[in-house]
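K.L.:
predicted model and sequence below, questions to follow.
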Amino acid sequence: MTGKVYPEGDAWIALASEYVSEFKDLDELEERWRDFKELHPALSVFTESVKELMSATFCELVDVYERYQNLPSETQEQKEELATIKSYLPNMVFNYDKTGAGHQTHQGVISGFFRKKMDDLNIHTCYYCDMAYINPYIVDDDEMKSQFDLDHALAKDDCPLVALSLHNFVPSCPVCNERLKRKNPLSDSLDGLKLVAPCSEDFDANKQIHFKVSQEKVCTSGFMRHKDCYRMKINAHGVYASYAKLFRLEERYEYHKGEALRLLDLKRKYPMSNIRQIARLMHKTADEVKEDIFGLHFSKNNHRCFDKMKRDIM
């Protein structure tokens, strides 16, 4: 809900290159990947190197995911080969968090990269809900700790080839990742996933999901004084409605409706005619006075929670 995670064009190329350079065992992974593909002809549909998979765009990863799902499994021989592939790849090549003899996990390397790039990637509030701060923090020994989860938009268990891919990660809060999404897909279709995954270059949920306050009961003036008369509502359709339902956005934002009602009280108290009068008295522009009252630019520039909701309400 805070926008796309990743930049595009040259900025993305530079970011992906820096990401790949963090993997000191890349040459070893490439060798294992090449050797394993030679032993298993079914993998010939994947011409990408490990490096190319790590730095692929999300739409390219969706194509990889689809090819992996379509690996042949009709005959007994094909089923046995697929079982071997599913066992080997997530442990010995695309190892995100598997532990055991001979295994090297990469979860720490990836988390460290995101902590280092928190400002470049706007890691401040949850990319799924915009309700929780997920910024890293410093402990006593000057070590930086993560306060965010890295969710795989394309499930790594369903396709290990995307387990280490930068464009597949969504910085999120534990509520969204561990309690709500869990292993559920963001969309029932891959085309829909491209639209609702914040790590996708086609992400469009910010424009397609809108917050509003709905009056449920008759009451006198004053929004905050009559909180029970109002409910938070979300306008969304199709894949975006499913996204909002998955993360329980309407129910969770209902608890925080005071943020919206306070703005509506201020909006009623300070119509533009009043704002212009105050601006003349204080020798300020109307926009400056409006910012002093509502603080929308402060909210956006300082990465405050509920920024999307506040802008929709205003």
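P.N.:
Cool, the structure landed.
K.L.:
what's the spacing between the closest residue to residue 303 other than its chain neighbours and residue 209?
P.N.:
Spatially, and ignoring its direct neighbours in sequence, residue 303 is nearest to residue 124 (3.4 Å; C-beta to C-beta, 6 or more residues apart in numbering). Every C-beta, even on glycine, is put in place using the N, C-alpha and C of the backbone. Separation of residue 124 from residue 209 (C-beta to C-beta, to the nearest Å): 19 Å.
K.L.:
likewise residue 15?
P.N.:
Plainly put, residue 15 is 26 Å away from residue 209 if you go by C-beta to C-beta.
K.L.:
could I get the buried residue list for stretch 32-46?
P.N.:
In terms of neighbour count (16 or more other C-beta atoms under 10 Å), stretch 32-46 has its buried residues at 32, 33, 36, 37, 43, 46.
K.L.:
repeat for stretch 199-216
P.N.:
Within stretch 199-216, the residues that count as buried by 16+ other C-beta under 10 Å are 199, 200, 201, 203, 205, 206, 208, 209, 210, 211, 213.
K.L.:
so which of those belong to strands?
P.N.:
Secondary structure from DSSP state E places 210, 211, 213 of the buried residues of stretch 199-216 in strands.
K.L.:
neighbours of the closest residue to residue 187 other than its chain neighbours, how many?
P.N.:
Nearest residue to residue 187, sequence neighbours excluded (C-beta to C-beta, 6+ apart): residue 193, at 4.3 Å. By other C-beta atoms under 10 Å, the residues close to residue 193 number 22.
K.L.:
elements contacting the helix or strand of the chain with the lowest mean pLDDT?
P.N.:
In the chain, no helix or strand scores lower on mean pLDDT, DSSP states H and E than strand 144-145, which sits at a mean of 72. Secondary structure elements in contact with strand 144-145, counted by 3 or more C-beta pairs under 8 Å, 6 or more residues apart in numbering; DSSP states H and E, are strand 137-138.
K.L.:
how about 10 Å then?
P.N.:
helix 107-116, strand 137-138 (3 or more C-beta pairs under 10 Å, 6 or more residues apart in numbering; DSSP states H and E).
K.L.:
and after that strand, which helix or strand comes next?
P.N.:
strand 149-152 (DSSP states H and E).
K.L.:
got the CA positions of stretch 10-21 in CSV?
P.N.:
Only the C-alpha atoms of stretch 10-21 are listed here, as CSV (Å, rounded to 0.1, in the frame of the first residue of the first chain):
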residue,chain,number,x,y,z
ASP,A,10,19.1,1.9,-14.7
ALA,A,11,18.3,2.2,-11.0
TRP,A,12,17.0,-1.3,-11.0
ILE,A,13,20.0,-2.6,-12.9
ALA,A,14,22.4,-1.0,-10.4
LEU,A,15,20.4,-2.3,-7.4
ALA,A,16,20.2,-5.9,-8.8
SER,A,17,24.0,-5.9,-9.6
GLU,A,18,24.8,-4.8,-6.0
TYR,A,19,22.5,-7.5,-4.7
VAL,A,20,24.1,-10.3,-6.7
SER,A,21,27.5,-9.2,-5.5
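K.L.:
what is the mean pLDDT for that stretch?
P.N.:
Averaged across stretch 10-21, pLDDT comes to 96.
K.L.:
quick one: buried residues of it?
P.N.:
By neighbour count on 16+ other C-beta under 10 Å, the buried set for stretch 10-21 is 12, 15, 16, 19, 20.
K.L.:
ok, now stretch 230-245?
P.N.:
230, 231, 232, 234, 236, 239, 240, 242, 243, 244.
K.L.:
just to revisit the earlier point, flag whichever of the helices and strands packed on strand 144-145 has the least confidence on average.
P.N.:
strand 137-138 (a mean of 74).
K.L.:
so what are the sheet partners of that one and their directions?
P.N.:
Here strand 137-138 has these sheet partners by DSSP bridges: strand 144-145 (antiparallel).
K.L.:
now find how far off-centre the partner strand is within its chain.
P.N.:
Taking C-alpha atoms, centre = their mean, to the nearest Å, one finds strand 144-145 lying 20 Å from the centre of the chain it belongs to.
K.L.:
need the strands for the stretch 151-300 of the chain, in chain order.
P.N.:
Per DSSP state E, counting those that start in this stretch, the stretch 151-300 of the chain carries strands over the ranges 169-172, 210-215, 230-235.
K.L.:
right, and the helix or strand after the host helix or strand of residue 31?
P.N.:
In this assignment (DSSP H and E), residue 31 forms part of helix 26-39. Downstream of helix 26-39, the first helix or strand assigned by DSSP H and E is helix 50-54.
K.L.:
list the buried residues in the next helix or strand after that next one.
P.N.:
For helix 50-54, the following helix or strand on the C-terminal side (DSSP H and E) is helix 58-69. Across helix 58-69, burial judged by 16+ other C-beta under 10 Å covers 58, 60, 61, 62, 64, 65, 68.
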